[in-house]
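*Asks:* Build me a model from this:
(chains A and B)
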Amino acid sequence: RYVRQLQRLQLLFSPTAADARGARQFVEEAAPDFARQHPDVVLYVSTRSSGAPLLLAEYLNGTVREELIASKTSEEIVQLATKLAGQSGLDIIRIRKPFHTDNPSVQGQWHPLTNKPSALTVQGPRLQPQ
Amino acid sequence: MVFLSAPRWLRSRLTDRFWRVQEVLKYARHFRGRKNRCYKLAVRSVHRAFVKATKARRQKKRILRALWITRIGAASLEHGLKYSAFISNLMKSQVELNRKVIADLAIYEPKTFKSLAALAHRRRQEGFLAALGDGKEPEGIFSRIVHHY
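*Replies:* Numbering: from 1, shown residues only, chains lettered A, B, ... in the order given. Down below sits the predicted model:
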């Protein structure tokens, strides 16, 4: 069953600033539809008088991603929110290897003494294996 | 448009020089010496680093294949076979494993690698018998080829 990794989206904007116009339009028009389409994401909307409008995304593994939504239209904010809702909280860096195992070796990893005969199995003229 | 008396007017000033410089220096932070601090030196070093990274993407494939071959050769020598004999006889027995997988088996699964080496050895002996025995004896068991149509 699919578990959405996005826990909550916090929308912080100012009610009067000019660059928060898109955020205000989003809250008026598109926010309820977005919340209905993503029922497992909690959307918090709060106003603050100072600072640029922000969209905070918190994921199940604890990562918090801040996205600036200053001077963005309502549609762009919707697209951004859907993109964040589809992501997991892993860091966006280059993946070194596309595979990972916790148990790489089943038969025991090679060490310099794996293929060498031990004292128990030496077959000389007098020594016999026990 | 040409500002003829630009030094006197100075109407347009460059205000985000800091960020333009940081865009280059952020890729030079882990370098050694003054190249990680001074922009003029960093520009050249960062450019060379990017060019080397681009070219190295093709070389990485060659380097890794050579590494695998070295490892497989060393592991097969432990079992008494040379790399060329091992690989050629494995291919003749229709075991189509690439060098990456065989190298990983040699490191993490030594017993499987030992059995692969034994298979290659047996196929080698059968090859010698077929070449020297002049067709009187039947073909070896491991020399049979399976056709997947």
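*Asks:* Now the residue minimising distance to the centre of chain A: closest residue in space, sequence neighbours ignored.
*Replies:* Taking Cα atoms, centre = their mean, the centroid of chain A lies closest to residue A:89, which sits 1.6 Å from it. Leaving aside its chain neighbours, residue A:89 sits nearest to residue A:59 (2.7 Å; criterion: Cβ to Cβ, 6 or more residues apart in numbering or on different chains). The C-beta positions use only the backbone N, C-alpha and C, and glycine is treated the same way.
*Asks:* neighbours of the one you found, just the number please.
*Replies:* Residues near residue A:59, counting by other Cβ atoms under 10 Å in any protein chain shown, number 18.
*Asks:* Report the beta-bridge partners for it.
*Replies:* Taking DSSP bridges as the rule, residue A:59 bridges to residue A:6.
*Asks:* all helices for the chain, in order.
*Replies:* Picked chain A for this. Counting by DSSP state H, residue ranges of the helices within chain A are A:21-25, A:31-37, A:74-86.
*Asks:* other chain: chain B
*Replies:* If DSSP H is used as the criterion, the helices of chain B fall at B:6-9, B:17-25, B:39-78, B:83-92, B:99-108, B:110-132.
*Asks:* Least reliable of those by average pLDDT, please.
*Replies:* With a mean of 64, helix B:6-9 has the lowest mean pLDDT of the helices of chain B.
*Asks:* returning to that earlier point: state the distance from the residue nearest to residue A:89 to chain B.
*Replies:* Counting by Cβ to the nearest Cβ, to the nearest Å, the gap from residue A:59 to chain B is 25 Å.
*Asks:* That residue contacts residue A:8, doesn't it?
*Replies:* No: using Cβ atoms under 8 Å, residue A:59 is not in contact with residue A:8, being 9.2 Å away.
*Asks:* Quick check: residue B:129 vs chain A, distance?
*Replies:* For residue B:129 relative to chain A (Cβ to the nearest Cβ), the value is 27 Å.
*Asks:* Can you report how many residues neighbour that residue?
*Replies:* Look at residue B:129: counted by other Cβ under 10 Å, it has 13 neighbours.
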